[in-house]
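A.B. asks: Got a sequence here, can you build the structure:
(chains A and B)
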Protein chains: 2
Amino acid sequence: MEEKEISQAVIGRLPRYFRYLGELKDEGVERISSQELSELMKVTASQIRQDFNNFGGFGQQGYGYNVEYLYQEIGRILGLDRTHRFIIIGAGNLGQALGGYLNFERRGFIFSGMFDKNPDLVGKEVRGIRVQPMEEMEQFIRDNDVDIAVLTIPKTSAVEVAERLVHIGIRAIWNFAHVDLNVPEGIQVESVHLSDSLMKLSYNINRYLEENEQQCEKK
Amino acid sequence: MEEKEISQAVIGRLPRYFRYLGELKDEGVERISSQELSELMKVTASQIRQDFNNFGGFGQQGYGYNVEYLYQEIGRILGLDRTHRFIIIGAGNLGQALGGYLNFERRGFIFSGMFDKNPDLVGKEVRGIRVQPMEEMEQFIRDNDVDIAVLTIPKTSAVEVAERLVHIGIRAIWNFAHVDLNVPEGIQVESVHLSDSLMKLSYNINRYLEENEQQCEKK
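C.D. replies: Residues are numbered from 1 along each chain as shown, chains lettered A, B, ... in the order given. You can find the predicted model right below:
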C-alpha cells in the first residue's frame, strides 16, 4: 500500500487507536463499527473514518472493522513490527522509570544502554543494564545499532549531548529535557515537556474556577 | 480583561510561549517583535499574532511586545499566579522523579503528599515528604486543600483510584497511567501517555527510512 504524506496530527492519534484496539482484542472482540469505536473513544465516527482513510480505510465499513486486522495494520504503520534499540542518557529517577517499563519492550523498543556523567551512578544496574560513563556513549551507539536516544538530563546539558548524538548519526531523540532541540532534517525528535502539560492543567483548573465565581456573582 | 472560550490547541501552545519568554527575560531582552519570536520558536508570526489575539493581543505590534509584560500576562492566564498543592499517587521511580522536580515548585505547584499501596514504600521520604498508605489519601486531601492528584500507578489501579479522587472532590488529575480516565465535567484531566509519544517517534523513524529506501531504489 502506497502511503501519502500524513499530517502529524493524524499520526499523533494512531497510538490511541492502537491502544483501544489492543484492549478490544484482549477482550475477544472480533469486529467493531466506527460508531461503536466512536462511543468508546469519545471522538466522532467521522473523525475515525477520516483518519483511517489516510491509510486506505482498513476494510468495509458496513460490516465494521476487523479488530485483529486493524490492530496489526496500525501497529505496522507505527513501525512496531520492527525492533528499535534505545539508550537512556541520564540515570536519575526519570531515566530509571523509563528503563524499567516492560511495556516498551513488548512494543519492540529494546532498552540497551544507560549513561550518566555522575560517577556515583556509573556502575549501578537498572533492569540488568549497567550505567556507563558519558565518554563511552559514541562507541556504544556504533557497536550496538542504537536507533533512539532518550534524554532525561537537565536542559543545560541536553543541547550539548544532542549535538554529540547528531554527530554520531543517531536516528531519533526522545527528549525529556525542558528545551527544544534543533537538529538537522532526517533526525526525528519527540519532546515530552512535563511542565507544559502541568501548566495546561493549571489553566483549565483556573478557568473553571473563574467561570464558577462569575456564575456565583451573577446569582 | 474578558476572556472568551479559547481552544485547547491555543492553550496547549501557551506554556511554550511562557518558556521562551522566560528565557528572553533571563537574558535581559526587553522587547521582541512577533517576527523575531517567530524565528526563535520556529512558528509563523501570523500564528503568534492569532494566538495572542485570543487574549486581546498583548500590546502594540509595531513596537514589538514587552517581554516582561507578556511573560507575566501569559503566566497569569496559565494560573501560575495562584498556588496549587499536589499529591502523587504511586511512589515508584516516576513518582519520585516528579516529586523531585524543583521547577514545579517555582511555578507555584507545591508537592504536598505522596501515597502508595506498597507497605515497603510507605514511610520512605521523597524530598522531605513521607510516603503514606492509600487509606489516608482522602483525609489528607480534605485537610490540606489539595488541587491536583498525580497518578503514577499502573492502569489496573488507576481507574479505581480516579473514582476515589472524584468522590472526594479533587479538582484535577495529572494522569500518567496508560488508560483514558472518564471523570465528570468540571474535573480537569491531563494525560501523559508516554508509550503514545514513543510510538509517534517510531512512526517517524520508519517513515523516513522507507522514503530513503524508495529513493535509493529509484537511483
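A.B. asks: How is the closest residue to A:R107 other than its chain neighbours assigned, secondary-structure-wise?
C.D. replies: Counting by C-beta to C-beta, 6 or more residues apart in numbering or on different chains, A:R107 lies nearest to A:L80, which is 5.3 Å off, once chain neighbours are set aside. All C-beta spots, glycine's among them, are computed from the backbone N, C-alpha and C. In three-state terms, and counting by DSSP: H, G, I helix; E, B strand; the rest coil, A:L80 is coil.
A.B. asks: for A:L80, what are its contacts?
C.D. replies: By C-beta atoms under 8 Å, 6 or more residues apart in numbering or on different chains, the contact set of A:L80 is A:F18, A:R107, A:G108, B:M199, B:S202.
A.B. asks: what ranges do the helices span in chain A?
C.D. replies: Taking DSSP state H, the helices of chain A run over residues A:8-26, A:34-41, A:45-53, A:67-77, A:93-100, A:102-106, A:137-144, A:155-168, A:194-218.
A.B. asks: any idea of the pLDDT on A:N53?
C.D. replies: Note on A:N53: pLDDT of 88.
A.B. asks: middle-most residue in chain A, spatially?
C.D. replies: A:E190 (7.4 Å; C-alpha atoms, centre = their mean).
A.B. asks: Please name the bridge partners of it.
C.D. replies: In this entry, A:E190 is beta-bridged to A:W174, by DSSP bridges.
A.B. asks: Make sure it is actually in contact with B:L198.
C.D. replies: Yes: in this structure, A:E190 is within contact of B:L198 by C-beta atoms under 8 Å, at 7.5 Å.
A.B. asks: Tell me the residues that contact both of these two, please.
C.D. replies: Common neighbours of A:E190 and B:L198 (C-beta under 8 Å, 6+ apart) are A:W174.
A.B. asks: Contacts for the lengthiest strand in chain A, please.
C.D. replies: Taking DSSP state E as the criterion, chain A has its longest strand at strand A:109-116. Outside strand A:109-116, the residues that touch it by C-beta under 8 Å, 6+ apart are A:83-92, A:95, A:99, A:104-105, A:122, A:126-127, A:129-134, A:136-137, A:140, A:144, A:146, A:148, B:198, B:202.
A.B. asks: Taking helix A:155-168 as reference, get the angle to that strand.
C.D. replies: Relative orientation of strand A:109-116 versus helix A:155-168 (axes from the mean of the first three to the mean of the last three C-alpha atoms, to 10 degrees): 120 degrees.
A.B. asks: which regions of chain A sit below the pLDDT cut-off?
C.D. replies: Confidence mapping of chain A against pLDDT under 70 gives the ranges A:1-4, A:60-62, A:218-219.
A.B. asks: Mind splitting it into its structural domains?
C.D. replies: Using automatic domain parsing, the domains assigned to chain A come out as A:8-77, A:84-195.
A.B. asks: any bit of the first one sitting next to chain B?
C.D. replies: Yes: interface with chain B: domain A:8-77 contributes A:Q8, A:I11, A:G12, A:L14, A:P15, A:R16, A:F18, A:R19, A:M41, A:K42, A:I77 (C-beta under 8 Å from any C-beta of the partner chain).
A.B. asks: I figured the third one hits B:K200, correct?
C.D. replies: Yes: between A:G12 and B:K200 there is a contact at 5.9 Å, judged by C-beta under 8 Å.
A.B. asks: A:Q47 and chain B: what is the separation?
C.D. replies: From A:Q47 across to chain B, the span is 15 Å (C-beta to the nearest C-beta, to the nearest Å).
A.B. asks: Likewise for A:G28?
C.D. replies: 19 Å.
A.B. asks: neighbours around that residue, how many?
C.D. replies: A:G28 has 7 neighbours, counted by other C-beta atoms under 10 Å in any protein chain shown.
A.B. asks: Could you do A:D145 as well?
C.D. replies: 10.
A.B. asks: A:A9 too?
C.D. replies: 9.
A.B. asks: now do A:N212
C.D. replies: Neighbour count for A:N212, taken as other C-beta under 10 Å: 11.
A.B. asks: do the same with A:A172
C.D. replies: Neighbours of A:A172 (other C-beta under 10 Å): 24.
A.B. asks: measure the closest residue to it other than its chain neighbours to A:V122 for me?
C.D. replies: Leaving aside its sequence neighbours, A:A172 sits nearest to A:Q188 (C-beta to C-beta, 6+ apart; 4.1 Å). Look at A:Q188 and A:V122: by C-beta to C-beta, to the nearest Å, they are 28 Å apart.
A.B. asks: List the residues that contact the residue nearest to A:I74 when sequence neighbours are not counted.
C.D. replies: What sits nearest to A:I74 in space, not counting adjacent residues and going by C-beta to C-beta, 6+ apart, is A:F18, at 4.8 Å. By C-beta under 8 Å, 6+ apart, the residues touching A:F18 are A:Y71, A:I74, A:G75, A:L78, A:L80, B:M199.
A.B. asks: Now for the residue lying closest to A:A97 once chain neighbours are set aside: which residues touch it?
C.D. replies: Of all residues not flanking A:A97 in the chain, B:N93 sits nearest, at 3.6 Å (C-beta to C-beta, 6+ apart). Going by C-beta under 8 Å, 6+ apart, B:N93 touches A:N93, A:L94, A:Q96, A:A97, A:G100.
A.B. asks: go again using 7 Å as the cut-off
C.D. replies: Neighbouring residues of B:N93 by C-beta atoms under 7 Å, 6 or more residues apart in numbering or on different chains: A:N93, A:Q96, A:A97, A:G100.
A.B. asks: which of the residues you listed are buried?
C.D. replies: A:N93, A:Q96, A:A97 (16 or more other C-beta atoms under 10 Å in any protein chain shown).
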